[in-house]
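Asker: Sharing a model prediction with you, sequence too.
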Amino acid sequence: MARLSIGTTVDLRCDALYHICVEVAMDLIPICRSAVGMDVHLNMIEVCAIVEDASGEAQVHRRRFGGFRRDRLEMAQWIAGFAPETVVMESTGIFWKSPYAYLERLGIRALVVNAQHVKTVPGRKTDVGDAEWLAMLARAGLLRGSFIPPEPLRNLRQLSRHHQRVTAMLAAEKNRLVRVLGDAGIRLTAVVSDPHGVAARAMIDCLLDGGTPQQALAHAGRLRAPREELAAALEGEPSEEHLFVARMIRRHIDALEADLAELARALIARLEPYQAALDILLTLPGVDLLAAAKLLVEIGEDMSAFGSAEKLAKWAGICPGNRESAGKRKSGKTAKGNRYLRALLCEIAWSAARTASQFKSRYQALAIRRGAKRAIIAIAHKLLKIVYVLLARRVPYRDSTVDYEALAVKRKAPRWIRQLKKFGLLPQTA
């Protein structure tokens with residue numbers, strides 16, 4: 001195949017397209033009059049448009065564009081000139097996002113397809129370019145697009161996912177601080193379950209600011225550990241280098257915590273137009289405002305994009321695998337999916353398993369037989385299917401094991417009794 005320089009356009013008639021189809025040994029029956037395939041790279045975008053003219057002949061147009069802003073704008077306008085029925089590109093890292101946004105602004109909703117799915121279609125030859133192959137498959141209706149949220153939610157993913165990354169960085173820094181203190185002989189984790197709680201952190205700050213173990217012990221507060229053991233754990237041999245590194249880590253921890261708070265405020269503030277969906281998600285056990293915001297950013301509020309709860313679970317990579325041959329179940333390993341959503345659902349599942357809801361009993365029953373981790377995946381799977389139903393029907397969550405009327409009475413009865421006594425409406429008992 002001849003090389004194309006950037007900006008070069010090549011048009012082929014139906015005989016060239018026929019030879020391509022013969023080479024791949026497939027009989028593709030077109031169902032679209034026009035289709036565009038895009039092969040997106042870091043600094044280059046190859047585009048192939050297959051358009052059927054008035055006489056029924058298929059014309060192939062190829063063009064190569066650069067990867068910069070002006071090139072992406074020119075590419076979107078060139079594609080829009082064909083008025084294609086479908087535009088397809090592979091989900092290549094993060095490179096597809098910018099071309100997708102430019103097409104979206106011109107009213108063209110492209111299909112972002114899984115490269116693994118494209119690879120499994122038989123008949124591909126190496127002499128057929130990626131863009132041509134995608135256009136041919138798209139014209140024959142053999143590709144299925146992935147879920148792409150609307151642009152506002154897609155942009156908010158930057159905040160949500162960065163919050164998860166900063167949270168991981170914060171956990172790493174906290175562990176690093178514990179290791180540095182342990183290297184200096186300060187064994188606080190031997191007597192305190194949470195070395196980053198309020199009391200433990202106050203004692204560590206006192207030591208890093210030059211205080212003695214006895215001075216740090218004054219910040220123990222309500223810690224249950226015996227004071228003798230706490231005093232022994234705080235006695236170490238920190239060198240100037242240990243203190244220097246520990247203070248630097250402490251400053252980094254404070255900065256990361258401030259960043260997390262700022263990210264959370266920004267994310268929740270920008271989700272004000274989706275307050276109705278957030279209120280629905282907040283009725284789920286184990287879901288707070290930040291978790292509801294992250295969940296909404298990942299899956300959106302329009303469940304018709306997925307079609308069913310099972311398809312949503314498959315897209316998230318949270319449902320069990322279905323690998324069976326000759327009547328034998330080979331593996332139930334979950335497939336790859338949205339790793340950010342999967343981690344979030346597992347976090348919510350851990351919280352829900354500790355609430356007075358149906359998830360607690362289900363987790364306890366599964367953990368005995370299958371182990372804690374598999375039980376959490378099962379709880380996360382069930383939670384996501386419930387989320388689908390709630391958002392699709394626009395109804396709040398009601399747990400089948402909870403008597404909401406009894407809870408309301410228990411919460412409000414003391415206030416009712418006080419008011420009845422105040423106005424003399426409660427009969428006096430002998």
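Answerer: Happy to help now that I have it. Numbers count the residues shown, from 1 in each chain.
Asker: before we move on, which element is Leu159 in?
Answerer: helix 151-183 (DSSP states H and E).
Asker: Can you tell me how far Glu287 is from Val387?
Answerer: Actually, residue 287 is Val rather than Glu. Applying C-beta to C-beta, to the nearest Å, the value for Val287 to Val387 is 9 Å. C-beta coordinates here come from the backbone N, C-alpha and C atoms, glycine included.
Asker: shared neighbours of those two, anything?
Answerer: 281, 295 (C-beta atoms under 8 Å, 6 or more residues apart in numbering).
Asker: quick revisit: which other helices and strands does the helix holding Leu159 contact?
Answerer: The contact analysis (3 or more C-beta pairs under 8 Å, 6 or more residues apart in numbering; DSSP states H and E) places helix 151-183 against helix 97-105, helix 240-270, helix 289-299, helix 339-352.
Asker: Next secondary structure element downstream of that helix?
Answerer: According to DSSP H and E, the helix or strand after helix 151-183 is helix 198-208.
Asker: how far off helix 240-270 does that next one point, in degrees?
Answerer: 140 degrees (axes from the mean of the first three to the mean of the last three C-alpha atoms, to 10 degrees).
Asker: still on that earlier bit, could you check the helix holding Leu159 and say which residues are buried?
Answerer: 153-154, 156, 159-160, 163-164, 166-167, 170, 173-174, 177-178, 180-181 (16 or more other C-beta atoms under 10 Å).
Asker: Break this structure down into its domains, please.
Answerer: 9-139, 152-273, 274-393 (automatic domain parsing).
Asker: Give me the mean pLDDT for the first one.
Answerer: Taken as a whole, domain 9-139 has an average pLDDT of 82.
Asker: Setting aside sequence neighbours, what's the nearest residue to Val245?
Answerer: Val180 (5.5 Å; C-beta to C-beta, 6 or more residues apart in numbering).
Asker: From Val192, how far off is the one you found?
Answerer: 16 Å.
Asker: Same question for Ile148.
Answerer: From Ile148 to Val192 the distance is 47 Å (C-beta to C-beta).
Asker: Please apply the same query to Gly182.
Answerer: In terms of C-beta to C-beta, Gly182 sits 13 Å off from Val192.
Asker: Over to Gly37?
Answerer: With C-beta to C-beta as the criterion, Gly37 and Val192 are 60 Å apart.
Asker: The two: which has the busier surroundings?
Answerer: Gly37 (30 against 20; other C-beta atoms under 10 Å).
Asker: need the contact list for that one.
Answerer: 47-48, 50, 87-89, 130-138.
Asker: go on, Gly332?
Answerer: So Gly332 contacts 320-323 (C-beta under 8 Å, 6+ apart).
Asker: Reformat the residues you listed as CSV; add neighbour count and pLDDT.
Answerer: What follows is the contacts of Gly332, written out as CSV (neighbours: other C-beta atoms under 10 Å; pLDDT from 0 to 100):
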residue, neighbour count, pLDDT
Pro320, 15, 83
Gly321, 14, 79
Asn322, 11, 77
Arg323, 12, 76
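Asker: What is the nearest of the residues you listed to Arg362?
Answerer: Pro320 (15.2 Å; C-beta to C-beta).
Asker: Phi and psi next, for that closest one.
Answerer: When read as degrees, to the nearest 10, the backbone of Pro320 gives phi -70, psi 150.
Asker: Also Gly141?
Answerer: The phi/psi pair for Gly141 (degrees, to the nearest 10) is phi 70, psi 30.
Asker: Surely it touches Ile31?
Answerer: Yes. Here Gly141 reaches Ile31: they are 4.5 Å apart, a contact under C-beta atoms under 8 Å.
Asker: Ile386: what secondary structure?
Answerer: helix (DSSP: H, G, I helix; E, B strand; the rest coil).
Asker: from memory it sits against Gly286, does it?
Answerer: No. In this structure, Ile386 is not within contact of Gly286 by C-beta under 8 Å, at 11.4 Å.
Asker: now Gly107: how far from Val51?
Answerer: 18 Å.
Asker: Counting neighbours, go ahead and name the busier of those two.
Answerer: Higher neighbour count among Gly107 and Val51: Val51, with 21 against 7, using other C-beta under 10 Å.
Asker: list the contacts for that one?
Answerer: So Val51 contacts 33-34, 58-59, 61, 82, 84 (C-beta under 8 Å, 6+ apart).
Asker: Likewise for Arg342?
Answerer: Arg342 makes contact with 316-318, 380 under the criterion C-beta under 8 Å, 6+ apart.
Asker: Could you rerun that using 6 Å?
Answerer: Taking C-beta atoms under 6 Å, 6 or more residues apart in numbering as the criterion, Arg342 is in contact with 317-318.
Asker: now Arg139
Answerer: 30, 32, 35, 50.
Asker: For those, pick the one with the most neighbours.
Answerer: Ala35 (29 neighbours).
Asker: For that residue, name its beta-bridge partners.
Answerer: As for beta bridges, Ala35 partners with Ile50, Thr86 under DSSP bridges.
Asker: The one 4 residues further on now?
Answerer: Here Asp39 sits in beta bridges with Glu46, going by DSSP bridges.
Asker: Number of residues surrounding it?
Answerer: 20.
Asker: Likewise for the one 4 residues further on?
Answerer: The local packing of Asn43 (other C-beta under 10 Å) involves 10 other residues.
Asker: so it touches Gly67, yeah?
Answerer: Yes. Here Asn43 reaches Gly67: they are 3.9 Å apart, a contact under C-beta atoms under 6 Å.
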